[in-house]
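# Provided below are the primary sequence and the corresponding predicted coordinates.
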Amino acid sequence: MRYGDKTAVDGLSLAVATGTITAVLGPNGAGKTTTLETCEGYRRPQGGSVRVFGLDPIRDRRALMPRIGVMLQSGGAWSGARAEEMLHHLARLHAHPIDTGLLMERLALHECGRTPYRRLSGGQQQRLGLAMAIVGRPELVFVDEPTAGLDPQIRRSVWELLEELRTDGVTVVLTTHYLEEAERLADKVHILDRGRLVASGSPLELTRGGTVATIRLVVTQPFPAGAPESLAAALGPTTELTVLDDVSLQVSGPADQSTLATVSRWCEEQGVLPEALTLGQRNLEDVFLELTGREGSS
């Protein structure tokens with residue numbers, strides 16, 4: 001997919017397994033939203049092909065639409081419609097909808113049911129958008145930034161709801177800029193950058209191993225004068241040492257046994273008694289930054 005001279009999606013190839021939660025991650029301009037909109041049938045690819053349940057999202061739209069739910073990044077409702085009216089209207093378009101009252105209660109929408117959409121807060125609009133996407137009991141639901149602007153309690157409720165959908169056999173494809181959200185929810189993660197797929201795997205597969213380790217050292221008494229500098233010299237130029245305070249420091253360096261062994265040996269030589277010596281585990285954000293060099297964003 002191209003917009004003028006910019007290639008938004010560049011030879012992208014990926015698959016989503018049935019009954020899973022799949023996260024599509026990437027920095028701004030990575031092609032996430034364009035990819036989802038192409039799968040949803042809102043955009044026609046300029047090259048290649050897309051199949052959802054074996055159907056072409058453009059040519060087979062009438063057969064596909066009853067089987068999918070779509071939560072847009074913004075909008076999707078009439079500005080003057082009340083929240084409960086909008087949800088009731090969509091429910092009546094489906095043969096076996098979820099009870100709208102229960103859904104509004106679950107997503108904390110019952111208190112704003114009579115409020116016009118344009119007067120809802122951003123978080124309320126997000127929750128209504130999710131309710132609209134799943135009220136028809138879709139087999140597959142696309143959710144674009146489902147918890148943006150939500151407080152931690154409501155965010156966890158949304159997480160639990162998405163996990164319940166997966167348990168019921170619903171396939172969920174989501175984009176999010178909360179990398180801890182993807183790490184918790186996703187069975188499979190696809191990371192995009194500049195329209196290309198740069199990594200795929202489960203959160204465990206992506207965070208296992210790596211080339212950089214983070215070691216945190218906390219000692220019982222303040223470091224002797226010049227001690228951090230001597231540790232930095234012992235570790236060599238391939239590591240980065242940061243003094244956090246007078247009793248703790250952090251070392252980032254090659255993910256091998258020698259780095260940890262050097263820190264332990266230095267403590268013995270300097271007569272420094274460690275209170276805690278921990279080897280940090282990479283998370284999905286670390287992997288994301290290694291691959292894209294940019295912070296996670298929508």
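Alright, I've got the coordinates.
# Skip the chain neighbours and tell me the closest residue to Asp187.
Nearest-residue entry for Asp187: Thr20, 4.1 Å, with adjacent residues in sequence omitted and distances by CB to CB, 6 or more residues apart in numbering. Heads up, the C-betas are built off the backbone N, CA and C, glycines and all.
# Low-confidence bits of this protein, can you list those?
Within the chain, the segments meeting pLDDT under 70 span 209-213, 255-256, 281, 294-298.
# For the helix or strand hosting Gly69, which residues meet the burial criterion?
Per DSSP states H and E: Gly69 is located in strand 68-71. Using 16 or more other CB atoms under 10 Å as the test for burial, strand 68-71 gives Ile68, Gly69, Val70, Met71.
# now stretch 227-237
Using 16+ other CB under 10 Å as the test for burial, stretch 227-237 gives Ala227, Pro228, Leu231, Ala232, Leu235.
# For the last one, give me its contacts.
Okay, so that is Leu235. Counting by CB atoms under 8 Å, 6 or more residues apart in numbering, Leu235 touches Leu241, Val251, Gly253, Thr259, Thr262, Val263.
# make it 10 Å
Contact analysis of Leu235 by CB atoms under 10 Å, 6 or more residues apart in numbering lists Ile215, Leu241, Val251, Ser252, Gly253, Pro254, Ser258, Thr259, Thr262, Val263, Trp266.
# measure it to Gln221 for me?
According to CB to CB, to the nearest Å, Leu235 and Gln221 sit 21 Å apart.
# Out of the contacts of Leu235, which sit inside strands?
Taking DSSP state E, the ones among the contacts of Leu235 that sit in strands are Ile215, Leu241, Val251, Ser252, Gly253, Pro254.
# In this structure, spot the helix with the most residues.
helix 152-167 (DSSP state H).
# now the helices: where do they sit in the stretch 151-298 of the chain?
Counting by DSSP state H, counting those that start in this stretch, the stretch 151-298 of the chain has helices at residues 152-167, 179-185, 203-207, 227-235, 257-270, 284-292.
# Now the third one: buried residues?
Neighbour counts using 16+ other CB under 10 Å place Pro203, Leu206, Thr207 of helix 203-207 among the buried residues.
# Pick the one among the residues you listed closest to Met1.
Leu206 (25.4 Å; CB to CB).
# how close does that closest one sit to Gly280?
Computed as CB to CB, the Leu206 to Gly280 distance reads 16 Å.
# cool, Asn28 as well?
For Asn28, the distance to Gly280 - CB to CB - is 27 Å.
# Neighbour count: the two, which is higher?
Taking neighbours as other CB atoms under 10 Å, Asn28 and Gly280 compare with Gly280 leading, 14 against 11.
# Might one say that the more buried one is in contact with Ser252?
Yes. Gly280 is within contact range of Ser252, at 8.7 Å (criterion: CB atoms under 10 Å).
# Let me see the domain layout of this structure.
2-207, 212-281 (automatic domain parsing).
# show me what contacts Ile191?
Contacts of Ile191 by CB under 10 Å, 6+ apart are 23-27, 30, 32, 182, 197-201, 206, 284, 287-288, 291-292, 296.
# Just the buried ones out of those residues, please.
23-27, 30, 32, 182, 197-199, 206, 284, 287-288, 291-292, 296.
# quick revisit: ok now the strand holding Gly69, how far from the chain's centre?
From the chain centre to the centre of strand 68-71 is a distance of 18 Å (CA atoms, centre = their mean, to the nearest Å).
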